[in-house]
Every structure is written in structure tokens, then in C-alpha cells.
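Engineer: Could you look at this predicted model? Sequence included:
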Amino acid sequence: MTHKHAHNHSHSHQKLTGRNLLLSILLNIIITAAQVIGGLVSGSLSLLSDALHNFSDVLSLIVSYFANRLAKKEASIKRTFGFKRAEIMAAFINAASLMVIAIILIFEAIERLQNPQEISAQIVIILSGIAILGNGLSVLLLKRDSKVNMNMRSAYLHLITDLMASVAVLAGGLLMRFYNVFWVDSVLTFAIAIYLVIVGYDLLKRSFRILMLYTPDTIEVKNIVTIINALPKIKSIHHVHVWQLNEEETHLEAHIDFETNIQVSEFGTILSEIEDILHKKFGINHVTLQPEFGKKDNKDIIVQD
């Protein structure tokens, strides 16, 4: 059985990805440490919440880094797919952690809003400025990879929400410094948390769909069946499964019932034609077909295994 492969990353690009992740991890460790100290000294909840978010980024970036390395390992007898799903797992874990942190921040913000406290705005302004520079650099490092890789996108989203949070904390620090509006600290924390829930849920849903072997949204199985059934000598295509192994590989397996008892060489020709159609029209790059003639099995399009 032949398969078509579509790979979007070169070896040098993968090395660059790993290096960029390591730099981002180091930057976020420095930012987190500074913000924790500054938050405790200043009494700013928004600065501590930003530090907590940054700490989650450190963990998520570490997960992303090791997932990125695992995904490059070759397949073996024990792991016939290799670790190709490692990055999807990392994206799922990162998205889930993002939402948990956001919910914690919401409760903390509500509690602090009921009991506002005076905050050292000067420290908030300085440290949020440092965080903006660090997160901004990290975002630039991962921007290109985030467009083609879900794992990198999960790390990128963590970082870009950190950048936005730091900008909001800076704005809050300025308001507290010049207008003594200390309740804005809690309001900003609440707003940051709501945004985290929104972006986290979207990524969680998409990674969950891949892990659960859902048919990709861009593929309509009935259209595949209609096109394949219209080909000469094919009686029906049935028992169809379509799923994504990861973001680069979409698989299809199915049974094909033929009108006549064709030869193996003829099936090979038909298979090549079907592979071309599925790759060009639907982006499916791994095709496994079981040829049948006169077999008494379930001919439904979808069959529960």
C-alpha cells in the first residue's frame, strides 16, 4: 500500500524552533521571578496574576519543547507512529492549564475587588515594562512557527496573552500612580482571565478533536463517497474512517466493493487514482483501502468497529 506524505518543516527549521523555545523559556523564568518579588513587595494582585500566568508559560513552554523533540523521533516496532501526537498532547495540556489558571484569577479578582488594597504603583510600572519587553521578544521568536504548528501555537498564545496582560498591568500601574484608582488592579485581572478562558477554550477544543479522532471540519465524508463511487468499476466505498494523526497528516481508511473480480495490478492503478483525488481535493495524504468483491459485510458509509 502506497502513502503520500506532506511535510512542512525542514531539519534546520526544527532546530530553530527548539532554540527559540529555549530562549523563550529562559526569558519567562526571569520575568516570573521578577514579577513574583515585585507583586509581593507592591501588593499588586494583577502583577502576581501576571506572574502566575508567566509561570504557567514556563511550564507550557517546557512541555512544548520536549513535545517538539519527541515528535522528531522515528517510529519503531513498539511505537509504529513514533511520537507524532506529542505536540497535540502538549497543546491540549497547555490549553487546559490556561483555563484553570484563568478561573483561579477570576475568583481572586472578585475577592480583591470587594476589599481593595493600596498598591505600590512604581514597582508595578517598572516590572510590567520589563515583562512587555521579554514577552514581546518571545512572541517574535515563535510567531512564524505558530502559523503551521498547533503545539507552537499553544505556546505562542500563552505568550501573546502574557504580553497583553503586561500591557494592561502597565496601564493599571499608571492609573494607580497618577490617580490612586486601586480598584483598577482587580478589574484588569478579571479582564485578563476572561480573555484567557476564550483563547484557551478554542485551542482545547481543536486539540481535543484531533486526539479523539474526529473527522476534520474541512472534510465532508459524503462528498468523498460521492466522488469515489462515480469512478469506473467501483460499486461502493463504505466503512469509512477519516482522522488526523497530527496537523500534517490526515488519514483515510475504507472498504471498496468492486463490480467485478479485478486483478491486483488493476487495483493498484485504481488506488493511485483515488490517492491523487483525495490528496488534491481533500488534503488526505495517507490512504488505506481494503478491496472487496461479493463480500457479505456492512455496506454503510460509517460502521462502528
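Structural biologist: Received the coordinates, thanks.
Engineer: From now on I want contacts and neighbour counts done on CA atoms only, so please keep to that.
Structural biologist: OK.
Engineer: quick one: the strands in the stretch 201-305 of the chain?
Structural biologist: 234-244, 250-258, 286-292 (DSSP state E, counting those that start in this stretch).
Engineer: The shortest one - what's its average pLDDT?
Structural biologist: Computed over strand 286-292, the mean pLDDT rounds to 96.
Engineer: How about stretch 180-192?
Structural biologist: Mean predicted lDDT for stretch 180-192 stands at 81.
Engineer: what does that stretch contact?
Structural biologist: Stretch 180-192 is contacted from outside by 44-46, 49, 102, 105-106, 109-110, 112-113, 116-119, 161, 165, 168-169, 172-173, 175-176, using CA atoms under 8 Å, 6 or more residues apart in numbering.
Engineer: just stretch 242-249 next, same as before
Structural biologist: Residues contacting stretch 242-249 (CA under 8 Å, 6+ apart): 5-8, 84-85, 88, 149-150, 210, 213-216, 221, 250-253, 284-286.
Engineer: Of the contacts of stretch 180-192, which count as buried by neighbour count?
Structural biologist: Among the contacts of stretch 180-192, the ones that count as buried by 16 or more other CA atoms under 10 Å are 44-46, 49, 102, 105-106, 109, 112-113, 119, 161, 165, 168-169, 172-173, 175-176.
Engineer: And the strands of the stretch 201-305 of the chain: which comes nearest residue 74?
Structural biologist: strand 286-292 (17.3 Å; CA to CA).
Engineer: List the neighbouring strands of the closest one plus their orientation.
Structural biologist: strand 250-258 (parallel) (DSSP bridges).
Engineer: average model confidence for the strand it pairs with?
Structural biologist: Here strand 250-258 scores 96 as its mean pLDDT.
Engineer: how far off strand 234-244 does that strand point, in degrees?
Structural biologist: Angle of strand 250-258 versus strand 234-244, following axes from the mean of the first three to the mean of the last three CA atoms, to 10 degrees, is 170 degrees.
Engineer: Can you point out the buried residues in strand 250-258?
Structural biologist: 250-258.
Engineer: and which of the residues you listed is nearest to residue 201?
Structural biologist: residue 250 (23.2 Å).
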